[in-house]
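K.L.:
here is my input; please provide its structure:
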Amino acid sequence: MTNCERELIQFAGSIQPHGFLLALQAPQWRIVQASGTAATLLDRPLDWLLLKDLAALDAELAAQVRLLAAGSPLQVPQPLRCRIGGAAFEGALHCAGEGLLVLELEPVNPPAPLPPRVEVDGGRLLDQLGPVVQRISEASTIGTLTDGVVRSLRDIVGYDRVMVYRFDPDGHGKIIAEARDPRLDSLLGHHYPATDIPQRARELYLRNRVRVLVDVHYEPAPLVPRLLPGAAAGAEGELDMSLCYLRSMSPLHLQYLKNMGVTATLVISLVRDGRLWGLIACHHYAPRNLGYALRAACELLGEAISTRIAAIENYARAQVAIQVRRLEQRLIEATSTEGDWRLALFRNPRTLLQPLEATGAALFHDGEVLTCGEVPSTPELRALCDWIGEQTTDAPFATSAIGKANPALASLTPTASGVLAVKLSATRPDYLMWLRKEQLQSYTWAGDPTKPVIDNDPLKLSPRRSFAAWSEIVRGTAAPWTPGELALAGAFGDALIDIIVQVHAVRLLIAEHQMNHVRAMVADSKEPVVVCAAEGGAFYANPAFGALAGRSDDAFRSVEQLVACFDDPTAARQLLGHVQAEQRSWRGETRLRRPDGTVLPVSLRAEPVPSRDGTLLGFIFIFGDLSDVQRALEARRQLEASLSRVGSGMHRGESGDLIGAIIANAGLAAMDIADGGSAPTVAPMLHEVEAATARATALYAQIRAFGSPPR
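P.N.:
Numbering: from 1, shown residues only. Prediction:
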């Protein structure tokens, strides 16, 4: 498989023969490279085309190219239509290097023996897309979304089989939805090994969101000359065809499809957080080519589906927040009544195990081990904790096969094959772990994924020939941890860290003999905390607060120095007086002013600490940086304004259903993302929704422009 990974598919050196390619060199846009099909489709010999200015071929086309080149950097292919010698063509133009443009065109009415193009009237296509996008925006689960998508897309593009193919964390793929001709066997639920789609191909799927293979049996049309002249060349002088939609496909991939019996394909990328989440794969068992309007419609649907996937997966995090708040409340109450939150955490094992579908749990804190459910022995747990501590990561640690991750711990497999651990201290080996016992799993692979491939030529890979269902029973593993469960574990850990900080902050005021130890716990916390005694005799600000306020933590020695950090010291002083007089907690938002003059929005929780006799010992102030929250609000306002501009820009008589559905899909996604996301991730995700909506709107315009026959 390393041969497949090494294959430089972006330097294919040829194209599919249903169109032609011209490489144009600035400033005259001279034709420095052409595909072999250019001679046939343009009825001009290659010797005549090469080194000619584009205007010699067609002055109107040259004018279009100059206009597009002057208007944008062409980092993304821009569509165009033209007539050359009375024949209508459509295609795209993009930049492939300094002063080098790539023009790809295909005939609207292909001559024999090229397969005819599948075209749909623009008005009818827009009418079809509107309800589909509406249904996408209403889907509440990945299952309902993908099931509806495959049926709707098959109605639009007419391929024999349409599938949604989702990647797991290891890169393997699984078909999670399918719509097919009833004469075909189902592939639903089949797994495909990660090696079926090499990393280079995955990277190109991110750049080219829609890829069409017209006929797997095509004869590639070579680029002439093979190497580009001058500095515009790519690897070893070849044209970088990463963005070419006509680019010839890998011979290995073509053989793979032939072995499957597939003749034509359409692949739509599904992108989540800048990564390839999955693919919509369409298979046909006869040659099939799509007109540009249909390809643009497919890309539009891909954007809408990706947006909805982000919203659905992110909304689940809102449910995480609810469970975490319940846990935090229960532990805080236990701390105040019993003095130990750890007992409350394990009093009802179901509330700790069920949210993550764990069969056991263990807490490592202050050198002690507390457990519930089915767990290994204490020495085995300590060995597991020591090994996880060596992984040196603050992110939740997760594995579904502990014996594979560390063979020395294979004896834990019966009760702890799956391990999910969150770190509770930056300096101590304190962890909360959830465990899952071994669970035999059955996988249905499309052919034996472990079968060796043999070929006499060591530089050639022969893809597997059998795709018959091949079942495998996997031992030594537990059910894998989902992204939602990882997020929930991280949130539980953050809540416990917050509670631990509060407990130690109270002890800082109550137990003078424990001052050094507790001060270290507060100082190590990522939570900005300030502790002060009621009479001002003791005052402490941890380093996290110093960093938040833009000062060293030893710059704070008194309440007055703390008050001076606020943007409105008078209001801050009144707030402290109110908390002291009422002896009630206060939560709200305020602003700090840093020494450089910048104003930082923060959340503030002021907690009075009473003694046993009811007198006030002091206060705990816990701050939180709201910069990310404000950026998220600004991003949401920007998105809403963008959606409003799109809606108000509609002209009477246009297909309002589709644009309305696109806007509604983006609006619902924005609500789910804003409600469910953590503050640092919300603004980038909202910007991603805005960009996706802009691309979908541009594709809508292209569909309108290209959906009707050329004049």
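K.L.:
going forward, measure contacts between C-alpha atoms and count neighbours the same way
P.N.:
Will do.
K.L.:
so where do the helices sit in the stretch 1-150 of the chain?
P.N.:
Counting by DSSP state H, counting those that start in this stretch, the stretch 1-150 of the chain has helices at residues 2-6, 37-42, 46-49, 54-57, 59-71, 122-138, 142-157.
K.L.:
which strands and helices lie in contact with the fifth one?
P.N.:
Under the contact criterion of 3 or more CA pairs under 8 Å, 6 or more residues apart in numbering; DSSP states H and E, helix 59-71 touches helix 54-57, strand 78-84.
K.L.:
turn those into CSV, including mean neighbour count, mean pLDDT and distance to Glu390.
P.N.:
As requested, the helices and strands packed on helix 59-71 are exported to CSV (neighbours: other CA atoms under 10 Å; pLDDT from 0 to 100; distance: least, CA to CA, whole Å):
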stretch, mean neighbour count, mean pLDDT, distance to Glu390
helix 54-57, 17, 93, 63
strand 78-84, 18, 94, 51
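K.L.:
now render those as TSV, adding distance to Ala632.
P.N.:
Compiled in TSV, the helices and strands packed on helix 59-71 are given as follows (distance: least, CA to CA, whole Å):
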stretch	distance to Ala632
helix 54-57	48
strand 78-84	31
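K.L.:
go through the ones you listed and name the closest to Lys174.
P.N.:
With CA to CA, the closest approach to Lys174 among those belongs to strand 78-84: 33.3 Å.
K.L.:
so what strands line up beside the closest one?
P.N.:
Paired with strand 78-84 in the same sheet, following DSSP bridges, are strand 87-97 (antiparallel).
K.L.:
buried set for the partner strand?
P.N.:
Buried residues in strand 87-97, counted by 16 or more other CA atoms under 10 Å: Ala88, Phe89, Glu90, Gly91, Ala92, Leu93, His94, Cys95, Ala96, Gly97.
K.L.:
I'd like to know how far the third one sits from Lys174.
P.N.:
It refers to Glu90. Per CA to CA, to the nearest Å, Glu90 is found 35 Å from Lys174.
K.L.:
equivalent analysis for the fourth one, please.
P.N.:
Computed with CA to CA, the distance linking Gly91 and Lys174 is 33 Å.
K.L.:
got it, and the last one?
P.N.:
Per CA to CA, Gly97 is found 37 Å from Lys174.
K.L.:
do the second one as well
P.N.:
The span separating Phe89 from Lys174 equals 38 Å under the rule CA to CA.
K.L.:
with the first one instead?
P.N.:
Using CA to CA, Ala88 is found at 41 Å from Lys174.
K.L.:
could you do the fifth one as well?
P.N.:
Here Ala92 is placed at a distance of 33 Å from Lys174 (CA to CA).
K.L.:
what do you get for Arg636?
P.N.:
34 Å.
K.L.:
what's the answer for Ala362, then?
P.N.:
For Ala362, the distance to Lys174 equals 33 Å [CA to CA].
K.L.:
identify whichever of the helices and strands packed on helix 59-71 lies nearest to Phe556.
P.N.:
Of the helices and strands packed on helix 59-71, nearest to Phe556 by CA to CA is strand 78-84, at 58.5 Å.
K.L.:
hmm, what's the outermost residue in this protein?
P.N.:
Residue farthest from the centre of the chain, counting by CA atoms, centre = their mean, is Asp613 at 54.2 Å.
K.L.:
ok so that one is a strand residue?
P.N.:
No. Using DSSP: H, G, I helix; E, B strand; the rest coil, the assignment for Asp613 is coil, not a strand.
K.L.:
could you tell me the phi and psi values at Glu303?
P.N.:
phi -70, psi -40 (degrees, to the nearest 10).
K.L.:
nearest residue to it other than its sequence neighbours?
P.N.:
Excluding its sequence neighbours, the residue lying closest to Glu303 (CA to CA, 6 or more residues apart in numbering) is Ala692, at 5.8 Å.
K.L.:
can you check what angle separates whichever helix or strand the one you found is part of from strand 87-97?
P.N.:
Assignment of secondary structure by DSSP states H and E places Ala692 within helix 679-706. Per axes from the mean of the first three to the mean of the last three CA atoms, to 10 degrees, the angle that helix 679-706 makes with strand 87-97 is 150 degrees.
K.L.:
pLDDT of helix 679-706, averaged?
P.N.:
For helix 679-706, the mean per-residue pLDDT is 81.
K.L.:
now it: buried residues?
P.N.:
Neighbour counts using 16+ other CA under 10 Å place 679, 682-683, 685-690, 692-697, 699-700, 702-704, 706 of helix 679-706 among the buried residues.
K.L.:
what ranges do the strands span in the stretch 251-400 of the chain?
P.N.:
For the stretch 251-400 of the chain, the strands defined by DSSP state E, counting those that start in this stretch cover 264-272, 275-284, 289-290, 360-365, 368-373, 397-399.
K.L.:
any chance of the ones you listed in JSON lines, plus mean neighbour count and mean pLDDT?
P.N.:
As requested, the strands of the stretch 251-400 of the chain are exported to JSON lines (neighbours: other CA atoms under 10 Å; pLDDT from 0 to 100):
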{"stretch": "strand 264-272", "mean neighbour count": "24", "mean pLDDT": "94"}
{"stretch": "strand 275-284", "mean neighbour count": "21", "mean pLDDT": "93"}
{"stretch": "strand 289-290", "mean neighbour count": "20", "mean pLDDT": "94"}
{"stretch": "strand 360-365", "mean neighbour count": "22", "mean pLDDT": "92"}
{"stretch": "strand 368-373", "mean neighbour count": "16", "mean pLDDT": "90"}
{"stretch": "strand 397-399", "mean neighbour count": "20", "mean pLDDT": "90"}
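K.L.:
closest to Asn542 out of those strands?
P.N.:
Minimum separation from Asn542 across these (CA to CA) falls at strand 360-365, 21.7 Å.
K.L.:
and that closest one, what does it pack onto?
P.N.:
Here strand 360-365 touches helix 349-353, strand 368-373, strand 431-436, going by 3+ CA pairs under 8 Å, 6+ apart.
K.L.:
tell me the strands beside it, with direction?
P.N.:
In the sheet, strand 360-365 lines up against strand 368-373 (antiparallel), strand 431-436 (antiparallel) (DSSP bridges).
K.L.:
and these: which comes nearest Asp147?
P.N.:
Using CA to CA, those put strand 431-436 closest to Asp147, at 30.4 Å.
K.L.:
show me the contact partners of that closest one.
P.N.:
With contact meaning CA atoms under 8 Å, 6 or more residues apart in numbering, strand 431-436 is reached by 353, 356-365, 375, 385, 400, 415-425, 478-479, 493.
K.L.:
wait, which of the helices and strands packed on helix 59-71 is closest to Asp567?
P.N.:
Nearest of the helices and strands packed on helix 59-71 (CA to CA): strand 78-84, 49.8 Å.
K.L.:
give me the residues contacting that closest one.
P.N.:
Identification of contacts with strand 78-84 by CA under 8 Å, 6+ apart yields 42, 57-58, 60-61, 64, 68, 88-94, 702.
K.L.:
chain center to stretch 619-628: distance?
P.N.:
Averaging C-alpha positions (CA atoms, centre = their mean, to the nearest Å) puts stretch 619-628 29 Å from its chain's average.
K.L.:
please read the previous query as pertaining to stretch 88-98.
P.N.:
Mean C-alpha position of stretch 88-98 versus that of the full chain (CA atoms, centre = their mean) differs by 29 Å.
K.L.:
what's the answer for stretch 374-392, then?
P.N.:
Offset of stretch 374-392 from its chain centre (CA atoms, centre = their mean): 32 Å.
K.L.:
helices of the stretch 401-550 of the chain, start to end?
P.N.:
With DSSP H, counting those that start in this stretch, the ranges of helices along the stretch 401-550 of the chain come out as 402-405, 413-416, 483-510, 515-524, 543-549.
K.L.:
the residue lying closest to Leu21 once chain neighbours are set aside: what's it in contact with?
P.N.:
Sequence neighbours aside, Glu104 is the residue nearest to Leu21 in space, at 4.6 Å (criterion: CA to CA, 6+ apart). Counting by CA under 8 Å, 6+ apart, Glu104 makes contact with Gly19, Phe20, Leu21, Leu22, Gly91, Ala92, Leu93, Cys244, Tyr245, Leu246.
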